[in-house]
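1. Attaching a predicted model along with its sequence, questions to come.
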Amino acid sequence: MSDKIRVVLTGCGGMSGRWLEVATKMSDVDIVGLVDIREEAAKKRAQDFSIDNPFIGTDLSAALDKLKPDVVFDCTVPEAHTPVTLEALSHGCHVMGEKPMSDSMENARKALKAAQEADKIYAVIQNRRYDPRIRRLRNYLEIGDIGSITTLNCDFYIGAHFGGFRDHMEHVLLLDMAIHTFDAARFITGADPVSVYCKEWNPSGSWYDHDASAVAIFEMTGGVVYTYRGSWCAEGLNTTWECDWRVIGENGSVTWDGAGNFKAQKVEETGGFFSKWKDVELPQHDPGEKVGGHEGLIKEFIKCVKTGGVPETVCTDNIKSLAMVFGAIESAQKGKPVDIQV
Ligand SMILES: NC(=O)c1ccc[n+]([C@@H]2O[C@H](COP(=O)([O-])OP(=O)(O)OC[C@H]3O[C@@H](n4cnc5c(N)ncnc54)[C@H](O)[C@@H]3O)[C@@H](O)[C@H]2O)c1
């Protein structure tokens, strides 16, 4: 493989801008083709980023036959993620795609199996993981200062007036947003999902057609209980997009507002009605290259393609976050707890 990784990007809508902003500045990446079912979108992206004479097309298979790239970047809509990934893998390409990994667990499993059979990397963007603040929290918990984690709570309350497809989408909060939050919960606890009980509803006053609020209780490995409360139609007192978190360990607790504010207390002395607690400042942590959202993930992926490494958000791991989303939806539909199957 040459030093320059040849990339075809497909799905030239809103999000592709962030990918191209990163990729066009990387000296070891060459964007050789742009594909979209709307040719004008692909042409526009070539102009926006002054990409030198790329192949522009509407047919991914034809583009891959002609260009034989090393990598496909998939920025299409969720329903197209699996077909795009299967096509790319069948042409011998590594794939990095936008979240969510797929529009169903069945499709996600199909894509995972195809990546394993092709012996290619298939990784998914989870940009909110590549944030120095969540890395600092995770680092502190890993040190074990508050003991093993027993409980994780988070609140997501954002009154978002999108005014587009999201206003009409089913399970909008769980499918479109909670994938980030559930993935963050796995990252914070280092635990994987076992079962979930979820209630989804559309509050009166909601400007969405379908359920835009949800409450879910997950049982995670190691006996960790994770509770999620969220809404995309909560006016006032909004949380951050990263959520408001509380982590309880055997020996102390940490809160994080999703921005720069952490609070932590751990037990100094026990014996009385209340223990004596000590405030703790979370140690600073150098997350290395795992920062910058899309930038960190895309750079890590390209490095793995070149060196044979495994990206943190490889499909075999990311499918567990997706399983939390589909588990929550299934539970809400059945009105009872369900086991989470990866
Ligand atoms: N990581 C994040 O924070 C974040 C934020 C927003 C959106 N997203 C994700 O990014 C993806 C794209 O979202 P968007 O906001 O850019 O949507 P968008 O509608 O603006 O763009 C999608 C593009 O894909 C094209 N497309 C659809 N089907 C295709 C196919 N089969 N082949 C080629 N092109 C196809 C469409 O014509 C469109 O240009 C979604 O999966 C979305 O969930 C991620």
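-> Ah, there it is.
2. which one is the residue in the chain that the ligand sits nearest to nearest to, not counting chain neighbours?
-> Nearest residue of the chain to the ligand (CB to the nearest ligand atom) works out as Gly13 at 1.8 Å. C-betas here are computed from N, CA, C, even on glycine. Excluding its sequence neighbours, the residue lying closest to Gly13 (CB to CB, 6 or more residues apart in numbering) is Ala41, at 6.2 Å.
3. and the one you found, that one's in a strand?
-> No. Counting by DSSP: H, G, I helix; E, B strand; the rest coil, Ala41 is not part of a strand but helix.
4. coming back round to it: verify the assumption that the residue of the chain closest to the ligand is located in a strand.
-> No. Judged by three-state DSSP, Gly13 forms no part of a strand; its state is coil.
5. That one and Cys75 touch, don't they?
-> Yes. Between Gly13 and Cys75 there is a contact under CB atoms under 8 Å: 6.8 Å.
6. which bits of the stretch 101-250 of the chain sit near the ligand?
-> 125, 127 (CB under 6 Å from any ligand atom).
7. at 8 Å instead, please
-> Contact residues, the stretch 101-250 of the chain versus the ligand (CB under 8 Å from any ligand atom): 125-128, 165, 176, 180.
8. Go through these and single out the one with the most neighbours.
-> When neighbours are taken as other CB atoms under 10 Å, the top entry among these is Ile125 (26 neighbours).
9. want to throw the residues of the stretch 101-250 of the chain next to the ligand into JSON lines with pLDDT?
-> Below are those laid out as JSON lines (pLDDT from 0 to 100):
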{"residue": "Ile125", "pLDDT": "98"}
{"residue": "Gln126", "pLDDT": "97"}
{"residue": "Asn127", "pLDDT": "96"}
{"residue": "Arg128", "pLDDT": "96"}
{"residue": "Phe165", "pLDDT": "86"}
{"residue": "Asp176", "pLDDT": "94"}
{"residue": "His180", "pLDDT": "98"}
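10. possible to save these as JSON lines with distance to Thr151 and secondary structure?
-> Shown next, in JSON lines, are those (distance: CB to CB, whole Å; DSSP: H, G, I helix; E, B strand; the rest coil):
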{"residue": "Ile125", "distance to Thr151": "29", "secondary structure": "coil"}
{"residue": "Gln126", "distance to Thr151": "23", "secondary structure": "coil"}
{"residue": "Asn127", "distance to Thr151": "26", "secondary structure": "helix"}
{"residue": "Arg128", "distance to Thr151": "21", "secondary structure": "helix"}
{"residue": "Phe165", "distance to Thr151": "36", "secondary structure": "helix"}
{"residue": "Asp176", "distance to Thr151": "27", "secondary structure": "helix"}
{"residue": "His180", "distance to Thr151": "21", "secondary structure": "helix"}
